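Asker: Dropping the sequence and predicted coords here.
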There are 2 protein chains.
Amino acid sequence: MAISNFEFHNPVQILFGKGEIAKLGTLVPKGLKVMITYGGGSIMKNGVYDQVKKALEGYDIVEFGGIEPNPKVETLRKAVALGKKENVQFLIPVGGGSVIDGTKLIAAALLIDNDPWDIVINKVAVEKAVPIGAILTLPATGTEMNANSVVSKLETKEKYGWGHKLVMPKFSILDPQTCYTLPDIQIANGVVDTFVHVMEQYCTFPVNAQINDRIAESILQTLVEVGPKVLADKTNYEYMTNFMWSSTVALCGFIGCGVPNDWATHQIGHELTALHGVDHGQTLAIVLPGVMSVMREGKKDKILQLGARVFGITAGTEQEKIDETINKMVGFFESLGIKTHLSEYGIGKATIDEIVSRFEKRGYSIGERADINPANIRLILENRL
Amino acid sequence: MAISNFEFHNPVQILFGKGEIAKLGTLVPKGLKVMITYGGGSIMKNGVYDQVKKALEGYDIVEFGGIEPNPKVETLRKAVALGKKENVQFLIPVGGGSVIDGTKLIAAALLIDNDPWDIVINKVAVEKAVPIGAILTLPATGTEMNANSVVSKLETKEKYGWGHKLVMPKFSILDPQTCYTLPDIQIANGVVDTFVHVMEQYCTFPVNAQINDRIAESILQTLVEVGPKVLADKTNYEYMTNFMWSSTVALCGFIGCGVPNDWATHQIGHELTALHGVDHGQTLAIVLPGVMSVMREGKKDKILQLGARVFGITAGTEQEKIDETINKMVGFFESLGIKTHLSEYGIGKATIDEIVSRFEKRGYSIGERADINPANIRLILENRL
């Protein structure tokens, strides 16, 4: 089995390092009406807002704050209304994955008459978008260098991914110093999220894609090493740099090129967030071990490779090595302070029934072999009670 | 010492895999006057020319063949004259690094009145360029996904690198099958060239750039594994795929981001090509071991890391491990059929004197610490007699 034909095209310009936000004025075309979007206001406290405003002196700016974690279309509709009223021509999200993902939807929705949710559920095609230049302040999702976005609907407790090349940021600025004031839980979630992004592109079946495999393992090894260090020393520039760059590289499209992908952990995890508001990173730490354990036959070769190359597991039978690899990974998540069982979040059998029922209604199976059907989703979640 | 601020921006669209050349017609805007450029005519024999012509049916095409290895400005001037006469609007180089590098110069020179060489020696600034879409048929230089070009001047036996963002290909098509008919020596040179491209961005001093380091080691490990296999089985799609993608990833800008770079091996090697016509890959196999041996103090940490992570060298004193690492690398080059000593190419002391004298005249030193001065260049070359 060889690597499939692929296309790689990622034109996002990355500016990385100390003080790079000051270059904003050289990146945003002069004379455009700019909308800055942000979340709960942490950027006011840590000085990032001031840096952005200073770099944009002379621009005509409108602001939209309050984009929440797992951005809600109900909130984003207000931003779209404001942007339309103000004839916004350039969008600058300042924040983490939620702010940037939400702003991608704003970028596309500003230029259509439909409700923004129609974009998320593919009811209307994206044909143009307002350009985006992002300031990343929370490493995790990789959205700063890709076309993806995940948006939720409060009304129906739904959460879906969507994406379009036209909403890729024109540029993204990453200054690790902007992350020094992040709460521990957000860093821990970001490390887990990055780890699982790699796994979704890696832990499938082998196609002899040596470069993809080794780059994937490079990121995983780096996270295992640097994750605990970042948490213990949040203002260490080197640690934060390695974590921040890992999260971007993980989901910029490189390691997924031409290899099977399995986004089942994300798809099942989204349901836990939609139903119970569990943090995205936490849902992944819950679900991935279950996916690996239940789908171990199909993923055997890659789990063994992961165990050997990343966790140094070489002794025992195949089944023992698989179990030990999963245990080591769970231990890594837990060492970051992330709980990995449903019961630890007060979630039980009723939720499993609801999630299985949702997937039954959708009528399709997930995973790289499309063999993660509702029955397997039940086994996966029961494995994580 | 931490990673430096960096910018990464590589908008080249890569299409990789079997039969991708057929998509040419969807990638080149309709109605443009196209110039196909190529080398010595191997594309006529292996069917690639026919694939390209078929994919471009309906386009108004002019052709320029005969771009030689180490493309000469004397040849490229003729292509520029033809392109100007024909009002060429899109360039399609079909070949290896030399054809693509030469075409980059054509792209920029078509839109100025100066002699093309003025671009190479920075006498005139590049402000625009005719767009390029490349068909790569020889993995090695990475030029298909970067802004670099190396051009020679026959008249003065000079060879210099230059580059500009505007000459980056809009797209590059890589079908490993187009490489099945390459002569062994070109594959061996390509493997060495790729290996050394990684080393020039890796074998310097550590700045705790864990992602860069590990991706660099990923490519080196892959080359060590796959290099001999490709040579032994040139029509194996999986082997050729891993080699071909390695060479692109090695020099697309990723692993060099924010870390010290040392292009001394290339700079010294270019002189051997300029003076004696030694293949580019061969010059690198000669020079790199000398650079590592002579500059071992400054490069110690990274040579030891290379030895441990890529060649599995862990026993002995530091000096022994450094020597063993260099020996293993030389053994790898030689296992591909590439000779690594000057005398094996009939080159002796007179050439060393000439090269040292050229660097003395230029009046600057090279290497990541700018400590490879003419005296060290002499030691490096004498080390390789």
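Answerer: Okay, I see it. Numbers count the residues shown, from 1 in each chain, chains lettered A, B, ... in the order given.

Asker: so what secondary structure elements neighbour the least confident helix or strand in chain A by mean pLDDT?
Answerer: Counting by mean pLDDT, DSSP states H and E, the weakest-scoring helix or strand in chain A turns out to be strand A:158-163, with a mean of 92. In terms of contacts (3 or more CB pairs under 8 Å, 6 or more residues apart in numbering or on different chains; DSSP states H and E), strand A:158-163 is packed against helix A:117-120, strand A:148-153, helix A:264-276. For glycine as for every other residue, the C-beta is placed from the backbone atoms N, C-alpha and C.

Asker: Run through who's touching the first one.
Answerer: Pointing back at helix A:117-120 there. The set of residues external to helix A:117-120 that reach it, using CB atoms under 8 Å, 6 or more residues apart in numbering or on different chains, is A:73, A:105, A:108-109, A:112, A:123-124, A:126, A:151, A:153, A:160, A:162.

Asker: Now, of these, which are buried?
Answerer: When neighbours are counted using 16 or more other CB atoms under 10 Å in any protein chain shown, the contacts of helix A:117-120 contain these buried positions: A:73, A:105, A:108-109, A:112, A:124, A:126, A:151, A:153, A:160, A:162.

Asker: Could you export stretch A:290-306 as CSV, CA atoms only?
Answerer: Extracted C-alpha coordinates of stretch A:290-306, given in CSV (Å, rounded to 0.1, in the frame of the first residue of the first chain):
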residue,chain,number,x,y,z
GLY,A,290,-11.0,4.2,23.5
VAL,A,291,-10.6,4.4,19.8
MET,A,292,-7.2,2.9,19.9
SER,A,293,-8.3,0.1,22.2
VAL,A,294,-11.5,-0.9,20.4
MET,A,295,-10.1,-0.4,16.9
ARG,A,296,-6.7,-2.0,17.8
GLU,A,297,-6.8,-4.7,15.0
GLY,A,298,-7.0,-2.2,12.2
LYS,A,299,-4.5,0.2,13.8
LYS,A,300,-2.2,-2.4,15.1
ASP,A,301,0.9,-1.6,13.0
LYS,A,302,0.8,2.1,13.7
ILE,A,303,0.1,1.7,17.5
LEU,A,304,3.2,-0.6,17.7
GLN,A,305,5.3,1.9,15.7
LEU,A,306,4.1,4.7,18.0
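
Asker: Buried ones in that stretch, by neighbour count?
Answerer: Residues of stretch A:290-306 classed as buried by neighbour count (16+ other CB under 10 Å): A:290-296, A:298-300, A:302-306.

Asker: Identify the residues contacting the helix or strand containing A:Met44?
Answerer: Using DSSP states H and E, A:Met44 maps to helix A:42-45. Taking CB under 8 Å, 6+ apart as the criterion, the residues outside helix A:42-45 that touch it are A:49, A:52, A:94-95, A:137, A:181.

Asker: what ranges do the helices span in the stretch 101-250 of chain A?
Answerer: Assigned by DSSP state H, counting those that start in this stretch, the helices in the stretch 101-250 of chain A fall at A:117-120, A:184-202, A:210-232, A:237-250.

Asker: what does the stretch 151-300 of chain A put close to chain B?
Answerer: In this structure, the stretch 151-300 of chain A approaches chain B at residues A:171, A:208-211, A:214-215, A:217-219, A:221-222, A:225-226, A:237-238, A:241-242, A:245-246, A:249, A:257-258, judged by CB under 8 Å from any CB of the partner chain.

Asker: Buried ones among those?
Answerer: Applying a neighbour-count criterion of 16+ other CB under 10 Å, the buried members of those are A:171, A:208-211, A:214-215, A:217-219, A:221-222, A:226, A:237-238, A:241-242, A:245-246, A:249, A:257-258.

Asker: A:Gly58: how many residues sit nearby?
Answerer: Residues near A:Gly58, counting by other CB atoms under 10 Å in any protein chain shown, number 8.

Asker: any idea of the pLDDT on it?
Answerer: What the model reports for A:Gly58 is a pLDDT of 96.

Asker: Would you reformat the contacts of helix A:42-45 as TSV and include distance to B:Val192?
Answerer: Listed next are these as TSV, based on distance: CB to CB, whole Å:
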residue	distance to B:Val192
A:Tyr49	51
A:Val52	47
A:Val94	46
A:Gly95	46
A:Thr137	43
A:Thr181	48
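
Asker: Mind picking the two most distant members of those residues?
Answerer: Spatial extent of the contacts of helix A:42-45 (CB to CB) is set by the pair A:Val52 and A:Thr181 at 15.5 Å.

Asker: Comparing these two, which shows the higher neighbour count?
Answerer: Applying other CB under 10 Å to A:Val52 and A:Thr181 shows that A:Val52 carries more neighbours, namely 21 against 15.

Asker: Now do the contacts for the more buried one.
Answerer: When contacts are counted by CB under 8 Å, 6+ apart, A:Val52 touches A:21, A:24, A:36, A:43, A:92, A:94, A:135.
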